[in-house]
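Chemist: What follows is a predicted structure for the sequence shown.
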Amino acid sequence: MKLNELRDNEGATKNRIRVGRGIGSGKGKTGGRGVKGQKARSGVRIKGFEGGQMPIYRRLPKRGFNNPGARDLNEVNVGRIQQAVDAGKLATDAPVTVEALVAAGVVSRVRDGVKILGVGELTAKLTFQVTGASKSAREAIEKAGGSLTLLDEAVAQA
């Protein structure tokens, strides 16, 4: 195969339709928009319009609350951390932090912190420095002989 022989698969690309280019094109005059009215014009904005009736998004009551101060945490199970330790991606002598988990590929990116959850089994003795941990995760870490430092508590005490 040569560079000049490269081409898309059959049917992968379609020619664009040039609307409003004469009646012989089949898409002339009204350009496929029908006749007259608001929808035939450019700049139409009638999503949710119900012909003058009160729209459903205004008839239904508001509900719930979006917390602007909510933290977007990475949630990691202790079983997933143990897999990373077994694979040699996470060192047992260094503390387990957000940066260490990103470097090991356990989490994809640093968000507002990491919360450790208790699903799975932890056998490695690890030192955790994370934002939060569930009760079952704390028990699993202490059972394995590790320690847990919550970063928010350390900031609050300082």
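Modeler: That came in fine, so what should we check first?
Chemist: Only C-alpha atoms from now on, for both contacts and neighbour counts.
Modeler: Fine.
Chemist: all strands of this structure, in order?
Modeler: With DSSP state E as the criterion, the chain has strands at 74-77, 114-117, 127-130, 132-133, 147-150.
Chemist: for the nearest residue to Ile56 once chain neighbours are set aside, what are its contacts?
Modeler: Nearest non-adjacent residue to Ile56, counting by CA to CA, 6 or more residues apart in numbering: Gly48, 7.8 Å away. Residues counted as contacts of Gly48 (CA atoms under 8 Å, 6 or more residues apart in numbering) are 55-57.
Chemist: Make CSV from the residues you listed and add pLDDT and neighbour count to it.
Modeler: What follows is the contacts of Gly48, written out as CSV (pLDDT from 0 to 100; neighbours: other CA atoms under 10 Å):
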residue, pLDDT, neighbour count
Pro55, 94, 13
Ile56, 94, 11
Tyr57, 92, 10
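Chemist: Which of those fall in helices?
Modeler: 56-57 (DSSP state H).
Chemist: Adding distance to Ala87, write the contacts of Gly48 out as JSON lines.
Modeler: Formatted as JSON lines, these follow (distance: CA to CA, whole Å):
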{"residue": "Pro55", "distance to Ala87": "56"}
{"residue": "Ile56", "distance to Ala87": "54"}
{"residue": "Tyr57", "distance to Ala87": "51"}
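Chemist: circling back to that earlier point, mind putting the strands of the chain into a markdown table with distance to Met1?
Modeler: Shown next, in a markdown table, are the strands of the chain (distance: least, CA to CA, whole Å):
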| stretch | distance to Met1 |
| --- | --- |
| strand 74-77 | 46 |
| strand 114-117 | 50 |
| strand 127-130 | 54 |
| strand 132-133 | 56 |
| strand 147-150 | 59 |
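Chemist: Tabulate the ones you listed (JSON lines), appending mean pLDDT.
Modeler: Putting those into JSON lines (pLDDT from 0 to 100) gives the following:
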{"stretch": "strand 74-77", "mean pLDDT": "96"}
{"stretch": "strand 114-117", "mean pLDDT": "96"}
{"stretch": "strand 127-130", "mean pLDDT": "96"}
{"stretch": "strand 132-133", "mean pLDDT": "96"}
{"stretch": "strand 147-150", "mean pLDDT": "95"}
